[in-house]
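> Following is a predicted model, sequence given first.
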Number of protein chains: 2
Amino acid sequence: MIKVAEWGTGMMGQGLLGYILDRPKDIDLCGVIVTNPAKEGKTVGELLGRPCDIKMTTDFEAVLAQKPDVVCINTQSNMDEIEPQIVPAVKAGCNVVCIAEKLSYPWISDPARAEMFDKLAKENDVTILGTGINPGFVLDALIVMWSSICLRVDSIEASRVNDLSPFGPTVMVGQGVGTTVEQFEKGVADGSIVGHIGFPESIMLIAKAIGWDIDEIVETREPIVTEIERSTQHVHVPAGGVAGCKQVGKGYSKGELKIHLIHPQQIHPQMADQSTGDYIKIVGDPNVNMANTPEIPGGKGTYASAGNYIPLLPGAPAGMQTVVDLPIPRFWAPTV
Amino acid sequence: MIKVAEWGTGMMGQGLLGYILDRPKDIDLCGVIVTNPAKEGKTVGELLGRPCDIKMTTDFEAVLAQKPDVVCINTQSNMDEIEPQIVPAVKAGCNVVCIAEKLSYPWISDPARAEMFDKLAKENDVTILGTGINPGFVLDALIVMWSSICLRVDSIEASRVNDLSPFGPTVMVGQGVGTTVEQFEKGVADGSIVGHIGFPESIMLIAKAIGWDIDEIVETREPIVTEIERSTQHVHVPAGGVAGCKQVGKGYSKGELKIHLIHPQQIHPQMADQSTGDYIKIVGDPNVNMANTPEIPGGKGTYASAGNYIPLLPGAPAGMQTVVDLPIPRFWAPTV
């Protein structure tokens, strides 16, 4: 039995709680920490609609005092936002798996905090890992895996074409869905439209693993303008409006494009005859030409990845680790 | 610099020697051991047709006395055949990477030797690893990797459809290409037609990684009968003759089919409108539906995989390891 606490019970946290409850003979869920006081005292059962009497609490110190082996953090995306969860969990002697995109390769966005996390984890002999479907799998770890059967890798081009239709209003705002082209450009400029978070991290994970010296990373965000009306439960996009955000990340070495990541995210891509999937092309010897269709759903893929790392963390090296440092991840079959 | 010796200079060994010579700032090639006395004293340069003055030798003790960090063994497929190379290399304190199919998961075909290798490696504080494209990657490690983004895995079906046309007469005989259906059936029965070696190993690698209890493995070999004449430089197959071997491996848990591996190998598959590729389907939540087209060439993929593990071995845990125990493998970019 691995003793696990969860911190954060939004959509991703709820998905991961389901994963945990599916493994009653493997995981001892010792506590669930919420950041929203409105959830204080409610049970996990009430939240998920399935039996579980554990009461959610904002009292993280009480939960961490039970010394869970692993704390699963599903709160925010950025390093400063997750520090208030990472630091007390590590100081309590817990391993941490966290879906914050920036944590998948924290040295690129916030090297000072990355070093601090690493030092603190080593002092407490625990492991910190950031993972998820992207960054964490499709556009980095899986590419690294494929590169292992190459004699030569000249360059990498990979894309993830997905459907945003199932997501709620927060995602629509962050991706600029429903804006005009002018509003989209303004939103990108002022940072209110962030698009995908994680390309610098994915590029650096690949570079770290295969030993490339990437010295320049360029990201662009372009509006996906729809020719016909597209709508979801949460957003209405007229013809000529913005149905999504096409994000591109490029990693260069001495001016040469080595890693080219493409991530067009939109609602109802099939209405523009756009099929969805995860695609990896390695130009080298031999070439790799992989497609996974349709794409792995982002939410499920992210909390499955986090859950499946739980059993790997207690035996992992101490410190701030990445998905390319640890053994090949794998589905954790529940004990029956 | 990693000091490397190579043992075995057939087609795979020659490919790996090329990989090694492409990394002159990373690998110190300290010796090349041949099993065929006819090659004694010839240089690697003469063998490969590129500059290298190292003389090949049957004197393995002299090469191992130089204490290479890693010995690459590319000789045979079976445990008893590789023991005479593995044992002295490990006793000399060398890590071993070996492309013998049976070594990828040695406990299934020869548990006594597997335990002996493990004990010996631990006594000498070195790592032994078996790898290759298949077993070692497409139909096991890559499947395991994909399973990590699943909340639930019900069953796995994967296939590798490849073209045998480039291979020489030994492969044609082993696969039964050019036989009649009667000769094929007889060859399978008497063991002269072996088809693919590695399905029990791939099945057990997957089972080990994801925690499934596979209690029965069934393998079948069927002739691929051609409706039209197909020929290569080495073999002529008339209409009605055998153009290849369709091998199937099934892994069951308590009577339930969990892992289904399919590997039809034939010459000129396109003449039967058969496209080639590597395919993985995971039935679960979410499903995985991956295709890599065309297939990764078996030879290149195998010696690339072996070469790319060289830098991972000196830091790996001691003992008999497998590809699912070690970090995600990755292309090793040569230092320029």
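Nice, I can see it.
> can you give me the helices in the stretch 201-336 of chain A?
A:298-309 (DSSP state H, counting those that start in this stretch).
> List, one by one, the residues from it near chain B.
A:209-212, A:284-286, A:288-294, A:296-297, A:300-301, A:303-305, A:307-309, A:323-333, A:335 (Cβ under 8 Å from any Cβ of the partner chain). Every residue, glycine included, has its C-beta placed from N, CA and C.
> Now the buried members of these.
A:209-210, A:212, A:284, A:286, A:288-292, A:294, A:296-297, A:300-301, A:303-305, A:307-309, A:323-333 (16 or more other Cβ atoms under 10 Å in any protein chain shown).
> quick one: the helix or strand A:I156 falls within to chain centroid distance?
Assessed by DSSP states H and E, A:I156 sits inside strand A:152-163. Here strand A:152-163 is found 17 Å from its chain centre; the criterion is Cα atoms, centre = their mean, to the nearest Å.
> List the buried residues in that strand.
For strand A:152-163, by 16+ other Cβ under 10 Å, it's A:152-153, A:156-163.
> Columns distance to A:V90 and pLDDT on top of those, output as JSON lines?
JSON lines is the format used below for the buried residues of strand A:152-163 (distance: Cβ to Cβ, whole Å; pLDDT from 0 to 100):
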{"residue": "A:R152", "distance to A:V90": "40", "pLDDT": "98"}
{"residue": "A:V153", "distance to A:V90": "35", "pLDDT": "98"}
{"residue": "A:I156", "distance to A:V90": "33", "pLDDT": "98"}
{"residue": "A:E157", "distance to A:V90": "37", "pLDDT": "98"}
{"residue": "A:A158", "distance to A:V90": "32", "pLDDT": "98"}
{"residue": "A:S159", "distance to A:V90": "35", "pLDDT": "98"}
{"residue": "A:R160", "distance to A:V90": "31", "pLDDT": "98"}
{"residue": "A:V161", "distance to A:V90": "37", "pLDDT": "97"}
{"residue": "A:N162", "distance to A:V90": "33", "pLDDT": "94"}
{"residue": "A:D163", "distance to A:V90": "37", "pLDDT": "93"}
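> May I see those residues arranged in TSV, with distance to chain B as well?
Below are these laid out as TSV (distance: Cβ to the nearest Cβ, whole Å):
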residue	distance to chain B
A:R152	8
A:V153	5
A:I156	10
A:E157	15
A:A158	13
A:S159	15
A:R160	12
A:V161	14
A:N162	12
A:D163	13
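> quick one: which of those is nearest to B:H268?
If you rank the buried residues of strand A:152-163 by distance to B:H268 using Cβ to Cβ, A:R152 comes first, at 27.4 Å.
> Wait, that closest one touches A:D285, no?
Yes - applying Cβ atoms under 8 Å, one finds A:R152 in contact with A:D285, separated by 4.3 Å.
> Start and end of stretch A:3-11, how far apart?
22 Å (Cα to Cα, to the nearest Å).
> I misspoke; the intended subject was stretch A:303-321.
18 Å.
> Return the distance of that stretch from the chain's centre.
14 Å.
> which pair in the buried residues of strand A:152-163 spans the largest distance?
Longest span within those, Cβ to Cβ: A:R152 and A:D163, 35.2 Å.
> Please name the residues that touch A:N287.
Shown in contact with A:N287 (Cβ atoms under 8 Å, 6 or more residues apart in numbering or on different chains): A:K281.
> Correction: the previous question concerned A:N134.
With Cβ under 8 Å, 6+ apart, A:N134 has these contacts: A:140, A:160, A:196, A:198, A:202, A:263, A:298, A:301.
> Narrow the residues you listed to just the buried residues.
Buried among the contacts of A:N134 by 16+ other Cβ under 10 Å: A:140, A:160, A:196, A:198, A:202, A:263, A:298, A:301.
> Distance to A:V248 for those residues - can I get that in TSV?
Listed next are the buried ones among the contacts of A:N134 as TSV, based on distance: Cβ to Cβ, whole Å:
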residue	distance to A:V248
A:D140	16
A:R160	12
A:H196	10
A:G198	13
A:S202	12
A:H263	8
A:G298	18
A:G301	21
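> Among those residues, find the lowest-pLDDT one for me.
For the buried ones among the contacts of A:N134, the model is least confident at A:G298; its pLDDT is 92.
> Could you verify my assumption that that residue touches A:F137?
No - in this structure A:G298 lies outside contact range of A:F137 using Cβ under 8 Å: 10.3 Å.
> Can you list the helices and strands that the helix or strand containing A:M116 packs against?
Element membership for A:M116, per DSSP H and E: helix A:111-123. With contacts defined as 3 or more Cβ pairs under 8 Å, 6 or more residues apart in numbering or on different chains; DSSP states H and E, helix A:111-123 has these neighbours: helix A:79-91, strand A:127-130, strand A:319-321.
> Fine by me, we can end here.
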